[in-house]
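Q: Output the structure for:
(one chain, ligands or ions: 1)
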Amino acid sequence: TDMLYLRVRIGAIADDLFAIFLHDMSEQRRFEAMRRDFITNVSHELKTPSGAISLLAETITDAADDPDAVRYFAGRITKESQRLAELVHKLIELQRAQDAPAMSDAKPMSVVAMTRESIAANEVQADAKQIGIVLSLNGRVIPVEVPEGEPETLDDDVLVRVGREPFTTAVKNLVENAIHYSPAHTTVSVGIGVVGDRVRIRVVDQGIGIPKESLGRIFERFYRVDPARSRETGGSGLGLAITKHCVQECGGTISVWSREGEGSTFTIELPVA
Ligand code: ADP
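A: Below is the predicted model:
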């Protein structure tokens with residue numbers, strides 16, 4: 001009976017090992033499939049603008065003696081190259097977000113300072129659409145820029161233990177989207193508030209909103225609610241995927257509320273240092 005027991009035991013262990021092996025295999029296969037999907041997507045995204053550029057360049061050669069046509073096609077070439085540059089920039093950002101070093105060595109950082117930096121990165125886009133950005137801390141409006149001259153004392157500024165880059169990338173992308181998906185002359189509000197032992201950073205816009213059925217998918221790489229519109233107005237479909245990575249890197253969570261035609265609210269929550 002001892003021998004039989006041993007045989008059964010070994011059989012069971014072998015079964016377990018085989019199950020683990022199978023599990024690893026399918027995990028690896030899933031990973032492979034994801035990697036292939038990603039490369040297919042990237043190739044497609046790169047091919048569209050680069051194909052358009054070479055076509056437009058050919059057209060411009062044919063229309064060389066019509067200055068209006070040359071101006072028009074040159075403008076479109078500029079737009080398509082900007083799209084290419086934006087996509088490459090976002091791909092690098094995504095790579096960085098995925099490769100970000102562990103946050104164990106992160107020092108306590110000022111949420112107000114990093115949020116201001118993220119807002120400042122969007123100043124040009126906000127001005128172009130005359131969108132006002134309002135910053136608040138614990139319910140009180142504070143200047144978006146550090147007041148010049150004397151150092152500002154904010155007793156209730158919050159410290160978080162995160163890397164500066166993932167934090168600012170996350171908030172910068174949310175503000176960028178808020179501006180991008182809002183009509184001119186609206187307001188984007190960025191609120192910082194402490195709730196228990198967590199800090200909540202909220203980006204609220206009065207924009208077009210997100211349909212209910214898309215809410216669960218917007219954090220996926222290359223997902224766009226309206227691909228045709230996105231092609232017109234630019235946008236890589238990578239911003240929110242990067243943001244989510246960065247927030248996770250900071251040890252936080254991100255959530256979204258939105259209603260079509262009313263606006264969207266993105267909320268990041270992080271543990272206070
Ligand atoms: P994109 O580069 O297209 O903006 P993102 O990953 O940043 O890519 O966002 C994915 C999609 O989610 C966008 O294409 C857009 O449809 C939608 N979206 C994101 N933020 C907002 C927002 N603030 N308001 C409305 N729609 C948004």
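
Q: need the contact list for the residue in the chain that the ligand sits nearest to.
A: At 2.6 Å from the ligand, G239 is the closest residue in the chain, using C-beta to the nearest ligand atom. Backbone N, C-alpha and C define where each C-beta goes, glycine included. Taking C-beta atoms under 8 Å, 6 or more residues apart in numbering, we find G239 in contact with K90, N173, E176, N177.

Q: Of the residues you listed, which belong to helices?
A: Residues of the contacts of G239 located in helices (DSSP state H): K90, N173, E176, N177.

Q: Can you give me the neighbour number for the first one?
A: Using other C-beta atoms under 10 Å, K90 has 20 neighbouring residues.

Q: Wait, it touches G234, no?
A: No: taking contacts as C-beta atoms under 8 Å, K90 lies outside contact range of G234: 10.8 Å.

Q: Leaving out sequence neighbours, find the closest residue to P183.
A: G207 (7.0 Å; C-beta to C-beta, 6 or more residues apart in numbering).

Q: ok so, going back, now the ones in helices among the contacts of G239 as a markdown table including distance to Q248 and pLDDT?
A: Shown next, in a markdown table, are those (distance: C-beta to C-beta, whole Å; pLDDT from 0 to 100):
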| residue | distance to Q248 | pLDDT |
| --- | --- | --- |
| K90 | 18 | 90 |
| N173 | 14 | 96 |
| E176 | 19 | 96 |
| N177 | 18 | 96 |
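
Q: Any of those buried? List them.
A: Applying 16 or more other C-beta atoms under 10 Å to the ones in helices among the contacts of G239, the neighbour count classes K90, N173, E176, N177 as buried.

Q: Including distance to D197, could those go into CSV?
A: As requested, these are arranged in CSV below (distance: C-beta to C-beta, whole Å):
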residue, distance to D197
K90, 33
N173, 26
E176, 29
N177, 28
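
Q: quick one, helices of the stretch 51-200 of the chain?
A: With helices called from DSSP state H, counting those that start in this stretch, the stretch 51-200 of the chain shows them at 67-99, 111-120, 123-128, 164-180.

Q: host element of G261?
A: G261 is part of no helix or strand, with elements assigned from DSSP states H and E.

Q: cool, V256 as well?
A: Secondary structure from DSSP H and E places V256 in strand 253-259.

Q: just the ones in helices among the contacts of G239 that are near the ligand?
A: N177 (C-beta under 6 Å from any ligand atom).
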